[in-house]
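**Q** need a structure here:
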Amino acid sequence: QVQLVESGGGLVQPGGSLRLSCAASGLAFSSTAIGWFRRAPGKEREGVSCIRGGGSYTYYADSVKGRFTISRDNAKNTVFLQMNSLKPEDTAVYYCAARHVAYAYCSTYESDFGSWGQGTQVTVSS
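**A** Residues are numbered from 1 along each chain as shown. Purely as a prediction, here's the structure:
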């Protein structure tokens, strides 16, 4: 049984930083692409970042490029999303998701991800 658990969300002022974690179990973690998505109030869920199995390829949405960094620790079955220079428009529920095809490429399509976490709230406000 695959489980993904996000943590690290919270309230932060504009310009601040947060680090989200996605702890995974029940899958071949090192070969699994993990994506981060977010859903802002009144908007559809969007792909934010992704890291391929092996960690050799990463993807960032244009809206977060240069501010967010995705990484993985295969020994801890955890993916991190370091978010710097946060803006009010980054406010959303952030979800991590796993693709179940070994060494699959990253994707921004929700349908390509078979397992999802419960989400963690990130609020950027003064």
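**Q** how about Gln3, nearest residue that isn't a chain neighbour?
**A** Nearest non-adjacent residue to Gln3, counting by Cβ to Cβ, 6 or more residues apart in numbering: Ser25, 4.9 Å away. All C-beta spots, glycine's among them, are computed from the backbone N, C-alpha and C.
**Q** show me the residues around that neighbour that make contact.
**A** Ser25 makes contact with Val2, Gln3, Asn77, according to Cβ atoms under 8 Å, 6 or more residues apart in numbering.
**Q** repeat for Ala28
**A** By Cβ under 8 Å, 6+ apart, Ala28 lies in contact with Ala102.
**Q** and for Tyr59?
**A** The contact partners of Tyr59, by Cβ under 8 Å, 6+ apart, come to Gly47, Ser49, Cys50, Ile51, Cys106, Thr108.
**Q** closest to Ala92 out of those residues?
**A** Gly47 (12.1 Å; Cβ to Cβ).
**Q** and the spatially most central residue of the chain, bridged to which residues?
**A** With distances taken as Cα atoms, centre = their mean, Trp36 lies nearest the centre of the chain, 2.3 Å away. Bridge pairing for Trp36 (DSSP bridges) gives the partners Ser49, Cys96.
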